[in-house]
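*Asks:* Okay, predicted coordinates and the sequence, questions at the end:
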Amino acid sequence: MSSSENSAESNRILDAIRAKRERRTGKVGNIAELEASLVADIENFDLDEAERLARREQLATLGSGMSDASLAFPQIVPDGTVRSLERRQGTVQGEQNPQGIITGSSLLGQLRQQAAIRQGELNTEQVERTAINNALDQALKYLFFYLHDLVQQLNIVKPAIPRHYSAADDAVFRNMVWQEGFADYRTQTQAAGAMVELVTLSFQLASPQGFTIDREGVAVERLRGSLFDYGLQFSCKEFRNERSFVERAEFYIAGQISVSARWKANFADGTLTLETRNLERLGSDVHARIRPDVVDQALLDEFGRLVLGLPNRFRELARRQGT
């Protein structure tokens, strides 16, 4: 083969490779038409008809007795068509009203009556529950607005609190003065109804007086635990023996007290619970089962007097049954 023939052959090979890479074949031009035809065939294909045709052809090959496919595999009849029921004793033809079967059933009638009664009870319970939840939400909103305004005034006035707090037999806080207070609230999630479920009041009291207290032996840890429970600020200097055991300790307690009051909604029984810490004394107290309808102007004012350490009737009003 001459060099010219080799060159021509190489050119043909290169053209074929290039055409393949560029997808330029004689068949490629018809791909779009082929795809459109396939899509049309798929959209027009009747799967049910194909299945029935396949079954008839299969039965036709099984021999005598099953040559008529319609006898073994009848066509699906439209809704509402009544078929004949063949029984061993004979053939019974006729129509049966499904609605008559339902309305004529004594069992279904009893269950329907019970369901109606229960549904009425559920509707009544839901109405009552909604009313209770709304009452709790409204009461807590009143509390928040009142306490928010109360702390704003007290943060400016900074009154003295005529109340004594005893941390130990020889440590009694006196002459406490309001420093700063804050009111806040928390709501449920949107899915639960976004009701107000908690209102909190927190404030700081201070006194220029601090205390130094000595304790020995097991009394050291007892006092340390109490001071932690009260949330008091303190420092401790320990004195250890040769075996590194604490023989005694010297506590310095700063003249500062943190006070809190938490009004919490009990949606299960429809009441409020007041949890306090260091309010009337050092430690925790709980006032439970306060009805939301007793949270009125009189109760709020009495609670304000309780916060300020003034004579008050808060406990008496909180025990009211309401209206």
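*Replies:* Done, it's in. Residues are numbered from 1 along each chain as shown.
*Asks:* roughly how far is the helix or strand hosting Q126 from the heart of the chain?
*Replies:* Element membership of Q126 [criterion: DSSP states H and E] is helix 106-157. In this view, helix 106-157 has its centroid 18 Å away from the chain centroid, taken as Cα atoms, centre = their mean, to the nearest Å.
*Asks:* which other helices and strands contact it?
*Replies:* Judged by 3 or more Cβ pairs under 8 Å, 6 or more residues apart in numbering; DSSP states H and E, the packing partners of helix 106-157 are strand 176-187, strand 196-206, strand 256-266, strand 271-277, helix 297-307. For every residue, glycine as well, the C-beta is placed using N, CA and C.
*Asks:* what angle sits between that helix and strand 196-206?
*Replies:* 20 degrees (axes from the mean of the first three to the mean of the last three Cα atoms, to 10 degrees).
*Asks:* model confidence over helix 106-157, on average?
*Replies:* Mean pLDDT, computed over helix 106-157, is 89.
*Asks:* Listing partners with orientation, what would you give for the helix or strand that that helix is followed by?
*Replies:* Next helix or strand after helix 106-157 toward the C-terminus (DSSP H and E): strand 160-161. When pairing is defined by DSSP bridges, strand 160-161 lines up against strand 176-187 (antiparallel).
*Asks:* returning to that earlier point: any chance of TSV for the helices and strands packed on helix 106-157, columns mean neighbour count?
*Replies:* Listed next are the helices and strands packed on helix 106-157 as TSV, based on neighbours: other Cβ atoms under 10 Å:
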stretch	mean neighbour count
strand 176-187	16
strand 196-206	20
strand 256-266	20
strand 271-277	18
helix 297-307	18
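*Asks:* Next, format these as TSV and append distance to E242.
*Replies:* Listed next are these as TSV, based on distance: least, Cβ to Cβ, whole Å:
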stretch	distance to E242
strand 176-187	43
strand 196-206	41
strand 256-266	37
strand 271-277	41
helix 297-307	51
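*Asks:* Looking at the ones you listed, spot the one closest to I290.
*Replies:* Checking the helices and strands packed on helix 106-157 against I290 by Cβ to Cβ gives strand 271-277 as the closest, at 4.3 Å.
*Asks:* So which elements touch the very next helix or strand once past the closest one?
*Replies:* Helices and strands here follow DSSP H and E; after strand 271-277, the next one along the chain is strand 284-290. Applying 3+ Cβ pairs under 8 Å, 6+ apart, one finds that strand 284-290 contacts strand 271-277, helix 314-318.
*Asks:* can you put those in TSV and add distance to Q297 and mean pLDDT?
*Replies:* Shown next, in TSV, are the helices and strands packed on strand 284-290 (distance: least, Cβ to Cβ, whole Å; pLDDT from 0 to 100):
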stretch	distance to Q297	mean pLDDT
strand 271-277	16	97
helix 314-318	11	95
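*Asks:* Dump the ones you listed to CSV, plus distance to V307.
*Replies:* Formatted as CSV, the helices and strands packed on strand 284-290 follow (distance: least, Cβ to Cβ, whole Å):
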stretch, distance to V307
strand 271-277, 10
helix 314-318, 9
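*Asks:* For R186, which of those is the nearest?
*Replies:* Nearest of these (Cβ to Cβ): strand 271-277, 13.8 Å.
*Asks:* between that closest one and strand 284-290, how big is the angle?
*Replies:* 170 degrees.
*Asks:* What lies in contact with strand 271-277?
*Replies:* Here strand 271-277 makes contact (Cβ atoms under 8 Å, 6 or more residues apart in numbering) with 136, 139-140, 231, 258-266, 283-292, 295, 318.
*Asks:* For G109, which residues are in contact?
*Replies:* Residues near G109 by Cβ under 8 Å, 6+ apart: T103.
*Asks:* hmm, 10 Å instead?
*Replies:* Contact analysis of G109 by Cβ atoms under 10 Å, 6 or more residues apart in numbering lists I102, T103.
*Asks:* do you know how far it is from E121?
*Replies:* 19 Å (Cβ to Cβ, to the nearest Å).
*Asks:* again, but for F303
*Replies:* The separation that F303 has from E121, given Cβ to Cβ, amounts to 38 Å.
*Asks:* what do you get for E180?
*Replies:* 51 Å.
*Asks:* Need the per-residue pLDDT for D41.
*Replies:* 69.
*Asks:* Equivalent analysis for S226, please.
*Replies:* On the pLDDT scale, S226 is placed at 91.
*Asks:* how deep is it tucked in, by neighbour count?
*Replies:* Residues lying near S226 (other Cβ atoms under 10 Å) number 14.
*Asks:* buried sites along the one helix or strand it maps to?
*Replies:* For S226, the host element (DSSP H and E) is helix 219-230. Buried residues in helix 219-230, counted by 16 or more other Cβ atoms under 10 Å: V220, L223, L227, Y230.
*Asks:* Walk me through which strands whichever helix or strand comes after that helix pairs with, and which way each runs.
*Replies:* Using DSSP H and E, the helix or strand that follows helix 219-230 in sequence is strand 234-240. Paired with strand 234-240 in the same sheet, following DSSP bridges, are strand 246-253 (antiparallel).
*Asks:* what angle sits between the strand it pairs with and helix 219-230?
*Replies:* 30 degrees.
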